[in-house]
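> predicted model and sequence below, questions to follow.
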Amino acid sequence: MKIIIEKETFLENLILATRFTSSKLSSATALQGVLINNKDGEMEVSATNLNAYFTTKIKSQEKHREEILIEPKKIA
């Protein structure tokens, strides 16, 4: 996957999204990671811990659709 975006904007939103993940719920992988969804020139970053939800959109140069669930602490 290759998505071209501003590094500072991405890291800022990724760090903010990590506040909404939960490492205490180890059986649910989706609650430990951040969902990155790219489509139509926008990358959406989403996270939840079942009590709160975070989502934001960042402009990207890629028009194709891709989704990935990542552990944000490994990237940040």
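Looks like it arrived, so ask away. Numbering: from 1, shown residues only.
> can you confirm Glu8 is in a helix?
Yes. Looking at Glu8 with DSSP: H, G, I helix; E, B strand; the rest coil, it is inside a helix.
> from Gly33, how far out is it?
Distance, Glu8 to Gly33, using Cβ to Cβ, to the nearest Å: 22 Å. Backbone N, C-alpha and C define where each C-beta goes, glycine included.
> who's more crowded, those two?
Gly33 (20 against 8; other Cβ atoms under 10 Å).
> so where's this structure shaky on pLDDT?
1, 23-31, 75-76 (pLDDT under 70).
> repeat that for 80
Applying pLDDT under 80 to the chain flags residues 1-3, 22-32, 72-76.
> all the helices of it, residue numbers only.
Per DSSP state H, the chain carries helices over the ranges 7-18, 72-75.
> I'd like those helices as CSV, with distance to Ser46 appended.
Formatted as CSV, the helices of the chain follow (distance: least, Cβ to Cβ, whole Å):
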stretch, distance to Ser46
helix 7-18, 7
helix 72-75, 11
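> so which of the ones you listed is nearest Lys63?
Closest to Lys63 of the helices of the chain, according to Cβ to Cβ: helix 7-18, at 17.8 Å.
> who touches that closest one?
Helix 7-18 is contacted from outside by 34, 43, 45-47, 54, 56, 58, 72-73, 75-76, using Cβ atoms under 8 Å, 6 or more residues apart in numbering.
> go with 6 Å
Defining contact as Cβ atoms under 6 Å, 6 or more residues apart in numbering, one finds that helix 7-18 is touched by 34, 45, 47, 54, 56, 58, 72, 76.
> restricted to strands, list those residues.
Among the contacts of helix 7-18, the ones falling in strands (DSSP state E) are 34, 45, 47, 54, 56, 58.
> need the buried ones from these selected in PyMOL.
Buried subset of these, written as a PyMOL selection, criterion 16 or more other Cβ atoms under 10 Å:
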select buried, resi 34+45+47+54+58
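> so which of the helices of the chain is nearest Lys39?
Each of those has some distance to Lys39 by Cβ to Cβ; the shortest is helix 7-18, at 16.2 Å.
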